[in-house]
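Asks: Mind folding the following:
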Amino acid sequence: MSAFVLSLVIVQGLLGGYQWSCVAGADRTDSPTRATRLSPFVLFVHPFLALVGAIVWIVWMNTGSRGVAWTGFAIFATGLVLGASMGARTVGRSRYVSAPAGADSPADVAVAERTIPTPALALHGLIGLAIVLLSLFLAMGRIG
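Replies: Residues are numbered from 1 along each chain as shown. Modelled structure (predicted):
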């Protein structure tokens, strides 16, 4: 089951990388979107936690230490909370921010994260929830 969690983390990384690429281009002159509601701090920390969580999970798979498993769970859960906060700022919101003074084109107010397809965003969230729940059950020793 721990290898299954790791495979879910890899799929998450691919989905997350795709979503990050949609948002990372914001504010470039050649981008169709130049605005975002997402914090640059969260945009950095969320994938960083995923990477660290994957490394900790691999360590747990090799050592079997319960403390390492709980650390992995805590990292994944923190990443899930940050991801949920980004999802809440994305889903159901307008595709545009208020027009800044001197906006020269519609791209100046188009929100980058709204270019992410909703199914990709939903799948990313559901897999993230599955990772957190499975890592919790594995850390507790409920499943093997």
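Asks: Now the helix or strand harbouring residue 124: buried residues?
Replies: Using DSSP states H and E, residue 124 maps to helix 118-140. Across helix 118-140, burial judged by 16 or more other C-beta atoms under 10 Å covers 121, 124-125, 127-128, 131-132, 134-136, 138-139. C-beta here means a position set from N, CA and C on the backbone, and glycine is covered the same way.
Asks: Need the residues you listed in CSV (columns: distance to residue 38).
Replies: Shown next, in CSV, are those (distance: C-beta to C-beta, whole Å):
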residue, distance to residue 38
121, 12
124, 14
125, 15
127, 20
128, 16
131, 21
132, 21
134, 27
135, 25
136, 27
138, 31
139, 30
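Asks: Closest one of the residues you listed to residue 56?
Replies: residue 135 (9.8 Å; C-beta to C-beta).
Asks: For that closest one, which non-adjacent residue is spatially closest?
Replies: residue 73 (4.4 Å; C-beta to C-beta, 6 or more residues apart in numbering).
Asks: got the buried residues for the helix or strand where that neighbour lies?
Replies: Taking DSSP H and E as the definition, one finds residue 73 inside helix 66-90. Within helix 66-90, the residues scored as buried using 16+ other C-beta under 10 Å are 68-80, 82-83, 86-87, 89-90.
Asks: And for that helix, what's in contact with it?
Replies: Defining contact as C-beta atoms under 8 Å, 6 or more residues apart in numbering, one finds that helix 66-90 is touched by 37-38, 42-43, 45-46, 49-50, 52-53, 56-57, 59-60, 113-114, 116, 121, 124-125, 128-129, 131-132, 135-136, 138-139, 141.
Asks: and if you look at stretch 119-131?
Replies: Identification of contacts with stretch 119-131 by C-beta under 8 Å, 6+ apart yields 5, 8-9, 11-12, 15-16, 18-19, 76, 79-80, 83-84, 87, 90-91.
Asks: Now the residue nearest to residue 19 when sequence neighbours are not counted, what are its backbone angles?
Replies: Among residues not flanking residue 19 along the chain, residue 116 sits closest, at 5.0 Å (C-beta to C-beta, 6+ apart). Phi and psi for residue 116, reported as degrees, to the nearest 10, are phi -70, psi 130.
Asks: Quickly note the distance from residue 55 to residue 18.
Replies: Separation of residue 55 from residue 18 (C-beta to C-beta, to the nearest Å): 21 Å.
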